Structures are given as structure tokens and as C-alpha cells.
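Trainee: Below are the sequence and a predicted model; questions follow.
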Amino acid sequence: MKIPLYPLQFHPIFKERLWGGEKLQSLLHKSISSNQTGESWELSTVEGNVSTIANGAFAGQLITSVLAEFPNEILGTAVYERFGNQFPLLFKYLDAKEDLSVQVHPNDVLAKQRHNSFGKTEMWYVVQANADARLIVGFKEELNQATYLAHLENKTLLTTLNEIKVQQGDVFLIETGTVHAIGAGIVVAEIQQTSDITYRLYDFDRVDSDGNLRELHVDLALDAINYNTVSSQKHYQKNSNQSNPVVDCPYFTTQFIPLEGEIGVQKTGATFTVYMCVEGSFELELAGQNYLYSKGDTVLIPAALTSFQLSGKASILEIYIS
């Protein structure tokens, strides 16, 4: 007899980073073990970083094992048809105590050719930002390979980059090819393709714990960079008790739910849904069972669960594949 499916949570995978801090604990209540924790991978099938289920009958099992047993039921009929058993998205929280490196991600074609990987389109939702915190997103004006390399050689690259001051609730879609960096004093929820391919362009001449400069990927990045200007910030409505469209791209759809009370949710079974609670707390009621989530929690709703209730006072990111 098949085990009935239910909302799945996972043990976070923590990543120490030179630029990491302690806000994943103080703000999102994560049980980090280092004051330089930069990332909490909430749901991942990246090789070597596969999430372990934390709750219910499948607790202790890898998500990939359960996916292999219930692909249509978890992924959804349309997602399974498109991706097979692969879970196509990766969910994270990031705490940037210091500036991240200036970097770029390759598109699907380059990533497949060079790394046998998906590309890395990603979205940021700003959970918290210190006063005057900023992101780097794209160039101020159009460049080409030659002018870009000249700036890199002359150590003037930062003067060409577009800096945007941010506040809680701001959203950015970082398409492949967009040069970008998360600035100091920002915590983001990140939704991205399942990929860990990053080309580092500039790292403020920082050294690691052994005193070595971190590796740069200047040559690999040349063909990956979009040298045009971009418009990455997404503006969206915040109407209570409904799903407000935020990002709709070929890789994922994200909506914002300002929950104040109770709403019913109906799904078709074509795609899984992931909820990231970025403020407050809420309950999910399914077939007489109640599941409680609070700020910092991430939950995967298998596609086979098509009817349930949400109640509480919370800000929720709702992610699925169209």
C-alpha cells in the first residue's frame, strides 16, 4: 500500500561563507553552528547537497528517493513530463553580512555544454535590509567584451555596475547573463534553477581562511555575460488573502500571498507548490490535519494534494512551475 503524501519539510543544509553572518538564526530561527553562515539550502537536489525530509512518514529519507517512488504525485504531471524525476528548483535563504562577490551565471546552453547542468536563473525576495543596503544588478550602460575587460584590468569594474538601494519586500529576477551581487546587510529568500554554477568576476581582493585569494572565472564568464543594461526589479500588488503575481518566467512562477485570516487553495495536480514563509506564521489544513509554519520555514506541497486551507497572519511566497 502506498503511503499517503503530505506537506514535506526538510533539514536545512547550512553553508559557511566569508560573507556570512548570524541573521539566519536571529531573524529566521535557524539552528546554525557558525557566525559566518551565509546560506541555508531549504530544498535541494544538487549533487552532494540533497535535502533530507524532516517530518512525517518519509522522515530521514532523501527527497530524491521519494521522488523516484512518487514522481507524478510529487512533481505533478506537467512537471514530470518536462523534467522526469529531476526536481528543477533550488530554494535558499542567504544572509550577506558583507558584500558577496560580483558574479554571473551561465544560461542553459552554456551550463549544459560545460557542466552538464541547468543554467541558473534566480529570484531574490528581500526579507530584511539594513539602512542604505544595496544590490548590484547589471551595468549602468551598455558595454562589450573589450570595454568590460578594460574595466576589469584597470580595477574600475565597480564604477560600471548598477547599484540599487533596497528594502524589505523588494523583488529582483536575475536572469542568466546578468552581472550581480548581494550587498552587505541583506537577507534574501532565493528561488533558482537547480544549479550551483557561478562564475566569480570580482571579489574585492578578499582572502580565504588560508590567506589565499578566491578563484575568479574571468575567461569562462566572457561568453556568459549580458553586456546590455537590464531591468530586473519586479513590482507587484499586495492584495490580502490572494495570490499576487510577482515573477512568471520559463523556469518558475512566484506569487505573493499576504495572508490575513483564511483562504482556500485549489490545485490541478500539474505542478508541485512550494511555500516560503517570509513573515509571520500560518497553518495549513489538509484532510483534517493541521501543519504549522513560521517565518523562515519552507514547505513542499506535493502536486497530488489539490485542496487545502491556509489560515493565519503571514507573508508567503508561493512558487510553482507553469
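Mentor: On my side now, so go ahead. Numbers count the residues shown, from 1 in each chain.
Trainee: my guess is Ala304 is in a strand, correct?
Mentor: No - applying DSSP: H, G, I helix; E, B strand; the rest coil, one finds Ala304 to be coil, outside a strand.
Trainee: Tell me where the stretch 1-150 of the chain has helices.
Mentor: Along the stretch 1-150 of the chain, the stretches classed as helices by DSSP state H, counting those that start in this stretch are 23-26, 63-69, 71-75, 77-83, 108-115, 145-153.
Trainee: and for the fifth one, what are the contacting residues?
Mentor: Meaning helix 108-115. Contacts to helix 108-115, defined as CB atoms under 8 Å, 6 or more residues apart in numbering, come from residues 105-106, 117-120, 176, 195, 197, 220, 223-224. For glycine as for every other residue, the C-beta is placed from the backbone atoms N, C-alpha and C.
Trainee: Map the structural domains onto the sequence of this protein.
Mentor: Domain ranges of the chain: 13-234, 244-320, per automatic domain parsing.
Trainee: His11 - how many residues pack around it?
Mentor: Around His11 there are 15 other residues, counting by other CB atoms under 10 Å.
Trainee: does Thr229 sit in a helix, a strand or a coil?
Mentor: Classified using three-state DSSP, Thr229 is coil.
Trainee: any idea of the pLDDT on it?
Mentor: pLDDT for Thr229: 96.
Trainee: and what of Ala181?
Mentor: 97.
Trainee: what do you get for the one 5 residues further on?
Mentor: You'll see Ile186 listed with a pLDDT of 98.
Trainee: Please report phi then psi for it.
Mentor: Backbone torsions for Ile186, taken as degrees, to the nearest 10, come to phi -130, psi 140.
Trainee: So it is in contact with Val166, correct?
Mentor: Yes - taking contacts as CB atoms under 8 Å, Ile186 lies within contact range of Val166: 6.6 Å.
Trainee: where do the contact lists of the two overlap?
Mentor: With CB under 8 Å, 6+ apart, Ile186 and Val166 have common neighbours 126, 129, 133, 135.
Trainee: Could you report the neighbour count for the first one?
Mentor: It stands for Val126. 20.
Trainee: Just the pLDDT for the residue lying closest to it once chain neighbours are set aside.
Mentor: Nearest non-adjacent residue to Val126, counting by CB to CB, 6 or more residues apart in numbering: Asp170, 4.4 Å away. With respect to pLDDT, Asp170 scores 98.
Trainee: My guess is Asp170 contacts Tyr236. True?
Mentor: No - applying CB under 8 Å, one finds Asp170 not in contact with Tyr236, separated by 10.1 Å.
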